[in-house]
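Engineer: the sequence and its predicted three-dimensional model are supplied below.
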Amino acid sequence: MARQLEYVVLFTVAATEPGGEGGEDSVVLVAWEILSAANNQVIDREQLYVRPTEFIAHGSTLPVGITTDAVQSATPLSVVLKQFHAAVTKLTGGFCLLTCGPQAIRGLLHPEAQRCEILPENYFYHYLDLVTEFTRAFPDFQQLPNLESMGEFLGVDVSGSGPLHELKLLSSVVQKLIAQGHRFGTPQEVQQDCDLDVSTNSSSVKENCVVRLRGLPFQASLKDVQRFLVGLNVVPGAIIFGINATGRRTGEAVVVLETAEQADLALKRHKHYLRERYVEVYEATPSDFLDMQGSVQDGQPDRSTFVRMQGIPYRASEADIAEFFDPEATTRGGEKGVFIVLLPNGRATGDAFAIFPSEKEVESAMQKDRCNLGSRYVELYKSSLKEFQMVLERSGTAEQKSHFVDMLGLKLSSSASAADEMGGRERTCVKLRGLPWSATADTVVDFFGDLREDIVTGGVHIVLNSVNRPTGDCYVRMKSVAAAGSASDQLHKQYIDVRYIEVFQCSGDEVVHALMDRGGARGSAPYRSGGGGGRGGGGRRRRPSGGTTVKCRGLPYSTTEREVADFFRDYDVSESDVELIYNSSNRPAGIALVSFQSQHLAQTAIRQKDRKHIGRRYVELSMN
């Protein structure tokens, strides 16, 4: 609905441009101009430099016309926003912020305020977008609307550059609109909160509005993801965490935004930080979201009364886990409210879920995070019905499924378990070892030659490590035991390019077990992506697998094997090559041992990565 405001507050923000691929930008200037809509005159104008919360990152560049000296001697953002607040609260009538596009408010102001632990005033959650207003005023405008094209259309001098020129040009275009009698429309709204614990109807997942986050901390909650995307409007219930074959989080999530424009803003947060980890952001599709959403029924209400446990002793029973939470919290139905996650062979994974009668009980239960169960300290994460159901469907026994269906009124998918899908105990699969890193599913199919006709549709699974890089292994499901035997006999030590490939016959159970240990695979459902959670459970300590070991000292205490492997990704290091060291209290010591395939690689890594950062801490490297 069109309306006429008494004041329009033009608002611009300038920030550093990150160097390289992605990274956080720092706000270095806030500028505004207050226009009286009644007489179309400027009544106040201000430009204030902002001192970044941290030193400007190496490789970042300042906007045109802004010097390092001006920024370093400036005041913090909190002081600048107080001055802005003093200016707008003097106005005697209604006002609304106006920007050119969403970047200033959604992409810069809100993320920077959150990093500085500033709660923005209510007026920062509503703004007018000049592009939208101009398009309403001139619906037949043929060019891409930006400040320059809009200014030229209205006869405004558009020469110049830099953020201060941008404010001047913005003012000229708005004054032209007001002079022509333009009445402003409904402001854009910035989401302050969102109901995350509901299920999303598939009809609300639109093309070009979906993004994939990769590298999330495994303990990240729905609220953490929403905070990472602060300033952007997330569709209610449209954050889905990825789960691998063993039922653990992969470190990925797929998120649906309200508009394609906001999805584009989310992509600009590639390699921004969530806690001490940077998060990669990529484009995704509605089918990616629906695939990850799995079999959770549309419209089925979610309930945040679930706690996920990692690191429980392998011999712990449901009764032991229920007793672990006493007296702080009581699980629903005592031991009946505990789900221990199992491997296909019936062995415990070290993970479990505890179900509580209320969210208040969950808060009480979280007080037991990192407390000991037996001789092991246990990590606790808030979970959801969606995650619980996905893990139950993939890893639950028939008895467990029947119990929780009755207890929670779930509607489980009728699809077979992962092990059954792969053929169970029958030796209907083959393992390929020694693939080139660049090999794809098509490469593998071509390798099989005439035997390709015996490959089950979607049966090629290229194994990935915890940072989604190929390990050189691959599993292929064949149509019969005989076909798998023929492939093993005929293809063993045949070549792909200059590498010979080892081929072994194996069972479906062996494949699922291997994929669980590795964390995932690429090429075919259900093992779509790599990843794995935390340190695993049950007290296992993986020893590095290679021969030359490097000692890393100074790690953040929350660092996982995956993050260390990611740090050394250019040196053929996988998660299984990393051992985190713990002190006598079973707490992280900030040290890791990393195994390299050769002394040359180890020395090169030390030379190139010593004193580089993991998270916000630099790491010292030395030969062990």
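Structural biologist: Ah, there it is.

Engineer: so what's the model's average confidence on stretch 139-157?
Structural biologist: Across stretch 139-157, the average pLDDT comes to 89.

Engineer: now it: buried residues?
Structural biologist: 145, 147, 150, 151, 153, 154, 156 (16 or more other C-beta atoms under 10 Å). Placement of C-beta: from N, CA and C, glycine included.

Engineer: quick one: distance of the helix or strand encompassing residue 323 to the chain centre.
Structural biologist: Assigned by DSSP states H and E, residue 323 falls within helix 318-324. Here helix 318-324 is found 32 Å from its chain centre; the criterion is C-alpha atoms, centre = their mean, to the nearest Å.

Engineer: report the buried residues of it.
Structural biologist: Buried residues in helix 318-324, counted by 16+ other C-beta under 10 Å: 318, 320, 321, 322, 324.

Engineer: how about the longest helix anywhere in the chain as PDB, C-alpha atoms only?
Structural biologist: The residue-count maximum for a helix in the chain (DSSP state H) belongs to helix 163-179. The C-alpha coordinates for helix 163-179 follow below in PDB (Å, rounded to 0.1, in the frame of the first residue of the first chain):
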ATOM      1  CA  PRO A 163      30.600   5.300  -0.900                       C
ATOM      2  CA  LEU A 164      30.200   9.000  -0.400                       C
ATOM      3  CA  HIS A 165      29.400   9.400  -4.100                       C
ATOM      4  CA  GLU A 166      26.900   6.600  -3.700                       C
ATOM      5  CA  LEU A 167      25.100   8.500  -0.900                       C
ATOM      6  CA  LYS A 168      25.000  11.700  -3.000                       C
ATOM      7  CA  LEU A 169      23.600   9.800  -6.000                       C
ATOM      8  CA  LEU A 170      21.100   8.000  -3.900                       C
ATOM      9  CA  SER A 171      19.900  11.300  -2.600                       C
ATOM     10  CA  SER A 172      19.500  12.800  -6.100                       C
ATOM     11  CA  VAL A 173      17.500   9.900  -7.400                       C
ATOM     12  CA  VAL A 174      15.200   9.900  -4.300                       C
ATOM     13  CA  GLN A 175      14.600  13.600  -4.600                       C
ATOM     14  CA  LYS A 176      13.700  13.200  -8.200                       C
ATOM     15  CA  LEU A 177      11.100  10.600  -7.300                       C
ATOM     16  CA  ILE A 178       9.600  12.700  -4.500                       C
ATOM     17  CA  ALA A 179       9.500  15.700  -6.900                       C
END
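
Engineer: can you name every helix or strand that it contacts?
Structural biologist: In terms of contacts (3 or more C-beta pairs under 8 Å, 6 or more residues apart in numbering; DSSP states H and E), helix 163-179 is packed against strand 7-15, strand 27-36, strand 41-49, strand 95-99, helix 130-137, helix 147-153.

Engineer: partner strands of the longest one, with direction?
Structural biologist: When sheet partners are counted by DSSP bridges, strand 27-36 sits next to strand 7-15 (antiparallel), strand 41-49 (antiparallel).

Engineer: again, but for the shortest one
Structural biologist: Each strand that pairs with strand 95-99, with its direction, by DSSP bridges: strand 7-15 (parallel), strand 126-129 (parallel).

Engineer: tell me how far residue 389 lies from residue 355.
Structural biologist: Separation of residue 389 from residue 355 (C-beta to C-beta, to the nearest Å): 12 Å.

Engineer: report the beta-bridge partners for residue 15.
Structural biologist: Counting by DSSP bridges, residue 15 forms beta bridges with residue 27.

Engineer: show me what contacts it?
Structural biologist: 25, 26, 27, 28, 63, 108, 112 (C-beta atoms under 8 Å, 6 or more residues apart in numbering).

Engineer: what two of those are the furthest from one another?
Structural biologist: Maximum pairwise distance among the contacts of residue 15 (C-beta to C-beta): 14.4 Å, between 63 and 112.

Engineer: the two - which one has more neighbours?
Structural biologist: residue 112 (26 against 17; other C-beta atoms under 10 Å).
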